[in-house]
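K.L.:
only geometry, no sequence info:
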């Protein structure tokens, strides 16, 4: 298996943003993500504690870091970023060492 990189971002939403509305807001960034070199897969989940996780898989660490920098500067992210509690976001990049597909 070719090693890939996981970008894992956890965060909380501001009051008043529903699950459904945030999913729709996130879909507004889909074209941007798909257009980035090395994009493989993306998932968005919400835990029982109300914190969200945006999990994106990239072909290389360079792809992941480049896309993360471009994401923050792109206009498609403004509404998404306004929905997240300031200072609640935590982003990390990890080498995927094993993947068990269905």
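P.N.:
That came through fine. Fair warning: this is a prediction, and the values are worked out from it, not measured in the lab.
K.L.:
From now on I want contacts and neighbour counts done on CA atoms only, so please keep to that.
P.N.:
Will do.
K.L.:
From residue 88, how far off is residue 14?
P.N.:
10 Å (C-alpha to C-alpha, to the nearest Å).
K.L.:
what does residue 79 give?
P.N.:
Distance from residue 79 to residue 88, by C-alpha to C-alpha: 16 Å.
K.L.:
for this structure, what are the low-confidence residue spans?
P.N.:
By pLDDT under 70, the weakly predicted segments of the chain are 1.
K.L.:
Quick one: residues contacting residue 6.
P.N.:
Listed by C-alpha atoms under 8 Å, 6 or more residues apart in numbering, the contact set of residue 6 reads 55-58, 64, 93-96.
K.L.:
Also residue 29?
P.N.:
76-77.
K.L.:
element containing residue 70, please.
P.N.:
Element membership of residue 70 [criterion: DSSP states H and E] is helix 61-73.
K.L.:
got the buried residues for the helix or strand following that helix?
P.N.:
Using DSSP H and E, the helix or strand that follows helix 61-73 in sequence is helix 78-82. Using 16 or more other C-alpha atoms under 10 Å as the test for burial, helix 78-82 gives residue 80.
K.L.:
Okay then, goodbye and thanks.
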